[in-house]
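In: quick one, what's the 3D model for this:
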Amino acid sequence: MALPRDEEPLLRTVHPESSCRQNYSTMTSAEESSGAGAAVPANTGDEGVGNIDENEARRILRRIDWRIMPLLFLIYALNFMDKTILSSASVFGLRQDTHLEGSNYSWVSSVFYFGYFLWAYPTTLLIARLPVAKYLAANTFVWGAVVALTAACTNYGGLITVRFFLGVAEATVSPALMFITSTWYTRDEIPTRTGIWFAGNSVGGIVSSLLAYGLGHITDNIHPWRWMFIVLGVATFLLGFGVLFLLPDTISNAKFLTPEERQWAGDRVVIAGTGRTEKTTWKWDQTVECLQDPKTWLIWSIALLCQIPNGGTQNFANLVITSFGFTSLQSTLINIPYSIISVIAISGTGWLAGRFRSLNCILIGLIVIPPVIGSALIGKRSSIPHGVSLFGYFLLSTGPAALPLLLSLIQSNYRGVTKKMTMTALLFIAYCTGNIVGPQLFISSEEPTYDTAFRAIMICYALVVCLAALLRFYLQFVNTRRQREEGIEGSAGASGAVGGGKVVDVVDSRNVTEAVNEVQLRPEDYEDVSDWKTFGFRYRL
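Out: Just a heads-up that it's a prediction; the model follows:
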């Protein structure tokens, strides 16, 4: 386990040898004394940013948090609710009113991810090239309209169509939120912030359950399941206006910050993040590098194995709960403690991964052990009391925490906008594949026990434990090799060499402020360079 960062050295600056792999020239004494080579600030012409003390830095970060995080949280909460309300609708008349038979419902669940799969890569290209907030807002309007239109479906063909286009609409959400998080936050802040907005998933699950419970009492001709889609569709559409008017596209056009504050916010991600995301171009050599990187395929495999269970339990949760002897209304309430446990697991592991730089892979392995036990218990439901089976179902609730930990690894360990967005697209292709396969494992002839599905869930999560250990071993191996080749320890909390080839190790927010005030950034420090080509860059484990 890593030492807490307050026990690590405060600041490390090293002049790398010219023979080492790097993208920056070492500053000479004459350059340092004359101030030559100082960065031209990105946002304020030739005027440098003034020193900002720690109290002011904390105030600016709070302002950024309060502007960015509530919006991301709400987007992700509705993203989850709009996607999973299908499970509640299934026990409130949707299957009967749309005449679903046999495996029809499984395909209605899966087709969402065909749309997601189709748009996953194109949307990452657009996110990096278009004003991200405006693109996300336009996407949110379309997404809300599609959700509301689900209420108009009267047959299998209609449901298949709207669910496909809902997948297309929602494919932008997670990659855009990852892009925004890595734009605004440092490597140490990314896991915690990702955990915050991803917790919107589970909070959305709680709200969705309460909404379904309330609307489930309606007895009019429209029927409860249609009201669920109407209410969520309208709420999502209205959220689009909040994204359009409140979320800035870039740091440089964030009107809620002063020019000096914008410059400070931009410089801190150059020094302690993974670099600027503004005014970048798509670099195909970074795409190739991403595909050649072994950690890419380890993370991809873990994501696939995590999402096969997710795809099934997400859409069949209420059907499984009713098989324990509960009514449709009771099944919606029982999902509330499940979601609460998920919120705690997601936010807690996110905080730990941000606090300790070598704990991320270990947390992924630990967080999926309860689902292994839970799926084994559910698989034995015929020989154990329903109460024990329900306990097994609650153990599944920690599994969703693995995905935000993987998202954090990508945001923190991939440098270079193209390389990071290519990995993001690959991850969500794995996400779609897993969620397409997952519902098909819930075989209709095995209802309500779904023996095949829960055996598969147990095996998938067990394999995740093994691959998480392998990923950690590989990242440690690469860090050790690069340390030996470069001749310095490097940093897993900073962006690598900056300010004329100096490697800064940022320990906490106080040292981020010190580094921004003291390091003289150069124009080349703002360049879009991958992690493989950045001297002093070390991977979080």
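
In: distance check, the closest residue in space to residue 165 that isn't next to it in sequence against residue 425.
Out: In space, residue 165 comes closest to residue 146 once its chain neighbours are excluded; the distance is 5.2 Å by Cβ to Cβ, 6 or more residues apart in numbering. C-beta coordinates here come from the backbone N, C-alpha and C atoms, glycine included. Using Cβ to Cβ, to the nearest Å, residue 146 is found at 22 Å from residue 425.

In: between these two, which one's more packed in?
Out: A side-by-side neighbour count of residue 146 and residue 425, using other Cβ atoms under 10 Å, places residue 146 first with 25 against 22.

In: dump the residue contacts of that one.
Out: Shown in contact with residue 146 (Cβ atoms under 8 Å, 6 or more residues apart in numbering): 162, 165, 166, 169, 233.

In: show me which pair in those residues is furthest apart.
Out: Spanning the widest gap among the contacts of residue 146 are 165 and 233, at 12.6 Å by Cβ to Cβ.

In: so these two - more neighbours on which side?
Out: Just comparing residue 165 and residue 233: by other Cβ under 10 Å the higher neighbour count belongs to residue 233, 23 against 19.

In: now name the helix or strand holding the closest residue to that one other than its chain neighbours.
Out: Nearest residue to residue 233, sequence neighbours excluded (Cβ to Cβ, 6+ apart): residue 148, at 2.7 Å. Here residue 148, judged by DSSP states H and E, is contained in helix 132-149.

In: likewise for residue 488?
Out: Applying DSSP H and E, one finds residue 488 in no helix or strand.

In: ranges for the helices of the stretch 51-200 of the chain?
Out: 54-90, 94-97, 104-129, 132-149, 156-170, 173-184, 190-198, 200-215 (DSSP state H, counting those that start in this stretch).

In: just the CA atoms of the fifth one, as PDB, please.
Out: Listed in PDB are the C-alpha atoms of helix 156-170, where the atom choice follows Å, rounded to 0.1, in the frame of the first residue of the first chain:
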ATOM      1  CA  TYR A 156     -41.800  -4.600 -29.600                       C
ATOM      2  CA  GLY A 157     -40.700  -2.800 -32.800                       C
ATOM      3  CA  GLY A 158     -41.300   0.600 -31.300                       C
ATOM      4  CA  LEU A 159     -39.400  -0.300 -28.100                       C
ATOM      5  CA  ILE A 160     -36.500  -1.700 -30.000                       C
ATOM      6  CA  THR A 161     -36.200   1.500 -32.100                       C
ATOM      7  CA  VAL A 162     -36.300   4.100 -29.200                       C
ATOM      8  CA  ARG A 163     -34.000   2.000 -27.000                       C
ATOM      9  CA  PHE A 164     -31.500   1.900 -29.900                       C
ATOM     10  CA  PHE A 165     -31.500   5.700 -30.300                       C
ATOM     11  CA  LEU A 166     -31.400   6.200 -26.600                       C
ATOM     12  CA  GLY A 167     -28.100   4.200 -26.700                       C
ATOM     13  CA  VAL A 168     -26.800   6.600 -29.400                       C
ATOM     14  CA  ALA A 169     -27.800   9.600 -27.300                       C
ATOM     15  CA  GLU A 170     -26.300   8.400 -24.100                       C
END
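
In: and it, what's buried?
Out: For helix 156-170, a neighbour-count test (16 or more other Cβ atoms under 10 Å) marks 156, 159-170 as buried.

In: likewise stretch 294-304?
Out: Neighbour-count burial for stretch 294-304, counted by 16+ other Cβ under 10 Å, picks out 295, 296, 298, 299, 300, 301, 302, 303, 304.

In: closest one to residue 452 out of those residues, please.
Out: residue 304 (18.2 Å).

In: okay, and the closest one sits in which element?
Out: Residue 304 is part of helix 294-322, with elements assigned from DSSP H and E.

In: next SSE after that helix?
Out: helix 328-355.

In: got the angle between that next one and helix 200-215?
Out: Put simply, helix 328-355 runs at 160 degrees to helix 200-215, going by axes from the mean of the first three to the mean of the last three Cα atoms, to 10 degrees.
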